[in-house]
Structures are given as structure tokens and as C-alpha cells.
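In: this one's sequence-less:
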């Protein structure tokens, strides 16, 4: 994995390579799956398939890098990208995502613990990935519902596009510099929660302003 010169770390290289870097990479991938279910998995599968960014998969999850899995993930990612720009459909995807995205986060995180046995890697994936993906999906859902209430759904496609960019950028940073993932998670959390807070403030401010617009 990139970001740290492993050979120069001596005795610390083993635990770092086996536990720390995969955990950081898993956190980044899980954060991204909290916003998009299939895009992070597709990017992970392609990176493993072509040997990019030093990505190795756990033997149990090696099927992710097979072409049938990549094709299925690609189709699913396109469907999710398109559907999330359509009013009503986007809410359905978000409701579905409350259960599928934690699973995707666990799969993505567990698959990068390449140095562990499959059972331990799966457990690590659940611990690292599921709650992280759930938290980001919950924050996204709150922002999306508030956007619908304040803009009538008109602002949702733009919000969805921002989420696409954030998900992609999060995965790329996790690939390139996994040690920065905790910082990125804090920044993402602040951005998402501040956006939700601003939208909620606008929602609650509208009823307060509306009486002043009435004619005496």
C-alpha cells in the first residue's frame, strides 16, 4: 500500500502492513460506501484486477477482481448513479442503502485485510466497515430529506453529484495516502453535518418568515 515506506520501519512493518494500513484503507472505503454502495467496490475491484496502488485482496474475496464481478459492479454503479438523480427513486435508493451500504462497507473493508485468515478478515471488515458506512449513510439521508423539504427535491440531483465526487475522491485518497483517511473522515463528517444543519435551519426559518409576507 502507498503512503508509508514499509521496508524502513523494521519490526513495525509486519503489524503495520497486516493491521494498520488495511484498517485505514478499509475506513476510507467504508466511508465512501456510506455515500455510494457500488462505486467504491467497483474501484477496489479494478485496482485489484490491474495491480494498482499496491492493492491486495484477501484470498476469500479474490472473486471481486474477476471480470463477472467487475461487470456486475459496473452495471450496478451506473444504475445507482442514474437513479439517484431521479426524484422519489433517490429516496428509495437511500432507504435501501441503510441496509446494503453497511454490508458493502464490511465487504470492502474486510477484503483489504490480505494478510489475515478469511474469518479474521471478515470480522475485521464488519468492525471497521459496517458502522462507518452506516454512519455516513445516515448523515447523507438526513441531508437528503432536508434538501427535499427545502427545495422540493430540485436540489437533490446537485447534492447527489456532490456525493458522487466525495465518494470517488475518498476512495482515491484511501488508495494513495491511507494515513490521511482519519483526517478525511473528520472533514467529510463536518461537511455532511454542516450541510444538513444549514438545510434544516433553512427549513425551520421558512415558516417564521412566511407570516411576515402576509398582507394586513
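Out: Structure received. As the structure is a prediction and not an experimental result, all values here were calculated from the model. Numbering: from 1, shown residues only.

In: remind me, longest helix of the protein?
Out: Ranked by residue count and defined by DSSP state H, the top helix of the chain is helix 118-151.

In: pLDDT at the residue most central in space within the chain, what is it?
Out: Central residue of the chain (CA atoms, centre = their mean): residue 32, 1.4 Å from the mean position. pLDDT, residue 32: 95.

In: sort out which residues of the longest helix of the chain are buried, please.
Out: Buried residues in helix 118-151, counted by 16 or more other CB atoms under 10 Å: 121-122, 124-126, 128-130, 132-148, 150. For the C-beta atoms, the positions are set from N, CA and C on the backbone; glycine is no exception.

In: also stretch 34-51?
Out: Using 16+ other CB under 10 Å as the burial criterion, the residues of stretch 34-51 that qualify are 34-49.

In: any idea which helix or strand comes after the lowest-mean-pLDDT helix or strand in the chain?
Out: Using mean pLDDT, DSSP states H and E, the weakest-scoring helix or strand in the chain turns out to be helix 13-15, at a mean of 64. Of the helices and strands lying after helix 13-15 in sequence (DSSP states H and E), the nearest is helix 21-33.

In: what's the helix or strand just after that following helix in contact with?
Out: Next along the chain after helix 21-33, taking DSSP H and E as the criterion, comes helix 39-50. For helix 39-50, the external contacting residues (CB atoms under 8 Å, 6 or more residues apart in numbering) are 29, 32-33, 52-53, 55-57, 62, 64-65, 67, 69-70, 73-74, 76-77, 80-81, 104, 107-108, 111-112, 164, 167-168, 170-172, 175.

In: so where's the chain shaky on pLDDT?
Out: Residues of the chain meeting the criterion pLDDT under 70: 1-14, 196, 199-200, 202-216.

In: give me the residues contacting whatever helix or strand comes next after the longest helix of the chain.
Out: Next along the chain after helix 118-151, taking DSSP H and E as the criterion, comes helix 156-176. For helix 156-176, contacts defined as CB under 8 Å, 6+ apart pick out 2-3, 24-25, 27-29, 31-33, 35-36, 39-40, 43-44, 47, 52-53, 55, 81, 84-85, 87, 90, 140, 143-144, 147-148, 180-181, 184, 188, 191.

In: make it 7 Å
Out: Contacts to helix 156-176, defined as CB atoms under 7 Å, 6 or more residues apart in numbering, come from residues 2-3, 25, 28-29, 31-32, 35-36, 39-40, 43, 47, 53, 55, 81, 84-85, 87, 90, 140, 143-144, 147-148, 180-181, 184, 188.
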